[in-house]
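Colleague: Take this sequence and fold it.
(chains A, B, C and D)
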Number of protein chains: 2
Amino acid sequence: MPVDHLSTTFAALADPTRRAILARLTTGAATVKELSAPFKMTGPAVSKHLRVLERAGLIARGREAQWRPCTLEAAPLKEVAEWAETYRRFWDASYNRLDDYLQQLKAKERKHGRRK
Amino acid sequence: MPVDHLSTTFAALADPTRRAILARLTTGAATVKELSAPFKMTGPAVSKHLRVLERAGLIARGREAQWRPCTLEAAPLKEVAEWAETYRRFWDASYNRLDDYLQQLKAKERKHGRRK
DNA sequence: GTGGTATATAACCACTAGGTTAGATAACCT
DNA sequence: AGGTTATCTAACCTAGTGGTTATATACCAC
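Modeller: The predicted structure follows:
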């Protein structure tokens, strides 16, 4: 039960059911019933998944009569994307070539600097 | 215990100790002992974290005498970044403006189409 | 009110996760 | 060989997760 933001987000995303729910919400708000429809599990199970998503700040819930429509809240996903991006140079070959290029530039500058 | 790739990756990342280990590995390979140093936990605990990272494909382990140096394997992080990017339009305001713009273009085209 | 629908809570179960300590393995160094 | 170092495995504990069923709560419609 980690308390830091990123851990909570990653934990919430580490379940295919919850990611499917997020995907569904990209097409607009939905009630719990609608969100349950694609799954074989019972209502309470979906309810628990929604609570996990809500506590992670990935969804918001409104009240309309007897429905609690859920909407997507993508802010934590931005953090995830930014976190992953910091590792780009370890998977992106062209980034590595750029990296090498910048290293060479630096090396050249050191050479010139030494000369003066 | 989800079997799909992305769930395993997210689960592995949902722990601050493991993310710290990955961060450490961006500066180069390291032994288990070196990776343990910053943490108050015992060796076996770190060993378990490393096994989780290894099974998620986030690190690779070599053998050098009595050491098992770990190196970063960033491929799964690329998948994470790409997955998160599919939600960009839900957090990026400028992307939304672009989205609106494209919608308007489409609307115009429909208008022209109707005219012909 | 009664009945039906939507959702949440409670209690329970099996399993997993993160931690511990103690012991096993393996390679180095005299 | 004996001792030290690095690492993993085993057994255990506590707490959390994902699911269930059964029960409550809230709202609408009649």
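Colleague: C-alpha only now, for contacts and for neighbours.
Modeller: Fine.
Colleague: Not counting its neighbours along the chain, what's nearest A:Glu79?
Modeller: A:Leu6 (7.6 Å; Cα to Cα, 6 or more residues apart in numbering or on different chains).
Colleague: does any bit of the helix or strand hosting that neighbour sit next to DNA strand C?
Modeller: In the assignment (DSSP states H and E), A:Leu6 maps to helix A:5-13. No. Contact of helix A:5-13 with DNA strand C (Cα under 7 Å from any atom of the strand) is absent, the minimum separation being 8.9 Å.
Colleague: Stretch A:14-33 too?
Modeller: Yes. Interface with DNA strand C: stretch A:14-33 contributes A:Thr31, A:Val32, A:Lys33 (Cα under 7 Å from any atom of the strand).
Colleague: out of these, which are buried?
Modeller: Neighbour-count burial (16 or more other Cα atoms under 10 Å in any protein chain shown) applied to the residues of stretch A:14-33 next to DNA strand C gives A:Thr31, A:Val32.
Colleague: In strands only, show me the residues of stretch A:14-33 next to DNA strand C.
Modeller: In strands, defined here by DSSP state E, there are no members of the residues of stretch A:14-33 next to DNA strand C.
Colleague: Quick one: mean pLDDT over the helix holding A:Leu6.
Modeller: The average of the pLDDT scores along helix A:5-13 is 96.
Colleague: Could I get the buried residue list for whichever helix or strand comes after that helix?
Modeller: Proceeding N to C from helix A:5-13, the next assigned helix or strand is helix A:16-25, under DSSP H and E. By neighbour count on 16+ other Cα under 10 Å, the buried set for helix A:16-25 is A:Pro16, A:Thr17, A:Arg18, A:Arg19, A:Ile21, A:Leu22, A:Arg24, A:Leu25.
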